[in-house]
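*Asks:* I would like to see how this sequence folds:
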Amino acid sequence: MSKEILEKIAPIAAHFDLRGVVTDAEPWGSGHINNTFRLTVDQSGLAVHYILQGINQRVFPNVAKLMENIQRVTKHVASRNPLDSRASLTIINSDANLPYWQNPADGEFYRVYIFIEGAKTVDAVTCPEQAFQAAKAFGAFQCALADMPGGPLFESIVDFHHTPKRFVKFHKALAEDKLGRAKFCQKEIDFALAHEQEASIVVDLLANGGLPSRVTHNDTKINNVMLDDKTGEGVCVIDLDTCMPGSVLYDFGDEIRTTTATAAEDERDLSKVIFDLGLFEALVKGYLTTAGGFLTAEEKRLLPFSGRLLTGECGLRFLTDYLEGDTYFKIHREGHNLDRCRTQFELVRQMEEKEAAMNAFVK
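*Replies:* Modelled structure (predicted):
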């Protein structure tokens, strides 16, 4: 703890029903969107922990609707697991009886959750069992929300996984080529264009009823699942800001993208970038353990394809940002976004090579 952090955070925390005095505040987690702190609160001699977050309004401008989504999701997941207090995030209301508080001095928004004890997150998968447990937890999360009443959630980031619209933006960036960078990435441009036709498969199926629209998480990295300290089992799905209508294929595809690669997202040496089929199989086993009962046959059939789709979409976004001048993703070196694009496209290439094995395993 630093005195400066406590002096800044304690007055904000005072606007939430914490039933005690904040004695400590420390930065927490590895998220890149919201500013997150773990609070220690003295409740009559008992140290109780909470998570306080400053909500990034540049990414989520409609905080009221965002928090309405999270209220609906957490309430429904909790109702499906009434005996497990760790199965869902628990929101603490502000003194305005709202799930957030807005600072009148600067307009910033904050929220508080009960801290989940006895569990942790990891930033990278270290063994197939972790992949299994994370996928099992995300499958259980989707299953719990499959019958959530009240109509569709608010779309917190419009067209987040609308891959054809990502291609529209890519074509615009390529046509303008503001910085003359296209000549440095012709191989990647050709790869993207060769895959454009399949980019609309899921969007089209959602539109014509071939796939059901469901509540999806849309950020299914392993560090968005709390794993039990003792058993290693997934106990709670966190970071619910991007929960909105979509296809379960978006979630499972992003699990494949973020879990099965053996190298960092920005690895320059592509010989180190390997699509690990064993980790894919662990994901499938875990996911179908909990989600297999409610998925349609078409959703199951497209599980392997979802990895290619989401990985290719991410690579396309990196390539587009490189052409536009690195205006969206933070970079730390020249050509950083192009390096990221290349790792994603290399994973897609390997997934295509192993497509038959992936399909056979799902069957």
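*Asks:* wait, Tyr287 touches Phe138, no?
*Replies:* Yes. Using Cβ atoms under 8 Å, Tyr287 is in contact with Phe138, at 6.8 Å. Bear in mind the C-beta positions are built from the backbone N, C-alpha and C, glycine included.
*Asks:* give me the common contacts of these two.
*Replies:* Counting by Cβ atoms under 8 Å, 6 or more residues apart in numbering, the contacts common to Tyr287 and Phe138 are 252, 255.
*Asks:* ok but Tyr113 is inside a strand, no?
*Replies:* Yes. Per DSSP: H, G, I helix; E, B strand; the rest coil, Tyr113 lies within a strand segment.
*Asks:* surely it meets Tyr50?
*Replies:* Yes. Using Cβ under 8 Å, Tyr113 is in contact with Tyr50, at 6.7 Å.
*Asks:* so which residues of the stretch 101-250 of the chain form helices?
*Replies:* Counting by DSSP state H, counting those that start in this stretch, the stretch 101-250 of the chain has helices at residues 128-145, 163-176, 186-194, 201-208, 248-259.
*Asks:* packing partners for the longest one?
*Replies:* Pointing back at helix 128-145 there. helix 63-80, strand 214-216, strand 225-228, strand 234-237, helix 248-259, helix 277-291 (3 or more Cβ pairs under 8 Å, 6 or more residues apart in numbering; DSSP states H and E).
*Asks:* dump these to TSV, plus mean pLDDT.
*Replies:* Putting the helices and strands packed on helix 128-145 into TSV (pLDDT from 0 to 100) gives the following:
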stretch	mean pLDDT
helix 63-80	97
strand 214-216	95
strand 225-228	96
strand 234-237	96
helix 248-259	96
helix 277-291	98
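*Asks:* that older thread, name the residues contacting each of Tyr113 and Tyr50.
*Replies:* With Cβ under 8 Å, 6+ apart, Tyr113 and Tyr50 have common neighbours Ile92.
*Asks:* wait, Met138 sits on His217?
*Replies:* Not Met; residue 138 is Phe. Yes. Judged on Cβ under 8 Å, Phe138 makes contact with His217 at a distance of 6.6 Å.
*Asks:* would you list the phi and psi of Ser94?
*Replies:* Backbone torsions of Ser94, given as degrees, to the nearest 10, read phi -90, psi 180.
*Asks:* repeat that for the one 10 residues further on.
*Replies:* Comment: the main-chain dihedrals of Pro104 come out as phi -70, psi -20, following degrees, to the nearest 10.
*Asks:* list the contacts of it.
*Replies:* Contacts of Pro104 (Cβ under 8 Å, 6+ apart): none.
*Asks:* can you check the pLDDT for it?
*Replies:* For Pro104, the pLDDT comes out at 94.
*Asks:* max-length helix in the protein?
*Replies:* The longest helix of the chain (DSSP state H) is helix 303-324.
*Asks:* what is the subsequent helix or strand relative to that one?
*Replies:* helix 336-353 (DSSP states H and E).
*Asks:* check which residues of that following helix are buried.
*Replies:* Under the neighbour-count criterion of 16 or more other Cβ atoms under 10 Å, helix 336-353 has 336-351 buried.
*Asks:* Arg19: which of these is nearest?
*Replies:* Nearest to Arg19 among the buried residues of helix 336-353, counting by Cβ to Cβ, is Arg340 at 45.0 Å.
*Asks:* was I right to think that closest one contacts Phe318?
*Replies:* Yes. Using Cβ under 8 Å, Arg340 is in contact with Phe318, at 4.2 Å.
*Asks:* how close does Trp101 get to Ala14?
*Replies:* Distance, Trp101 to Ala14, using Cβ to Cβ, to the nearest Å: 10 Å.
*Asks:* who has more neighbours out of these two?
*Replies:* Trp101 (21 against 12; other Cβ atoms under 10 Å).
*Asks:* for the more buried one, give the beta-bridge partners.
*Replies:* Tyr110 (DSSP bridges).
*Asks:* next up, the contacts around it.
*Replies:* Taking Cβ under 8 Å, 6+ apart as the test, what Trp101 contacts is 12, 15-16, 94-95, 109-111.
*Asks:* biggest separation within these, which pair?
*Replies:* Distance extremes for these: the farthest pair is Asp95 and Phe109 at 14.4 Å, using Cβ to Cβ.
*Asks:* quick one, which of these two is more surrounded?
*Replies:* Phe109 (20 against 10).
*Asks:* I'd say that one and Ala96 touch.
*Replies:* No. Between Phe109 and Ala96 there is no contact under Cβ under 8 Å: 11.8 Å.
*Asks:* residues in contact with the nearest residue to Lys136 once chain neighbours are set aside?
*Replies:* Nearest residue to Lys136, sequence neighbours excluded (Cβ to Cβ, 6 or more residues apart in numbering): Gly286, at 3.8 Å. For Gly286, the contact set (Cβ under 8 Å, 6+ apart) comprises 131-137, 139.
*Asks:* again, but for Asp269
*Replies:* Contacts of Asp269 (Cβ under 8 Å, 6+ apart): Ala263.
*Asks:* picking that back up, how close does the residue nearest to Lys136 sit to Val215?
*Replies:* Distance from Gly286 to Val215, by Cβ to Cβ: 19 Å.
*Asks:* what's across from Phe275 in the sheet?
*Replies:* Ala261.
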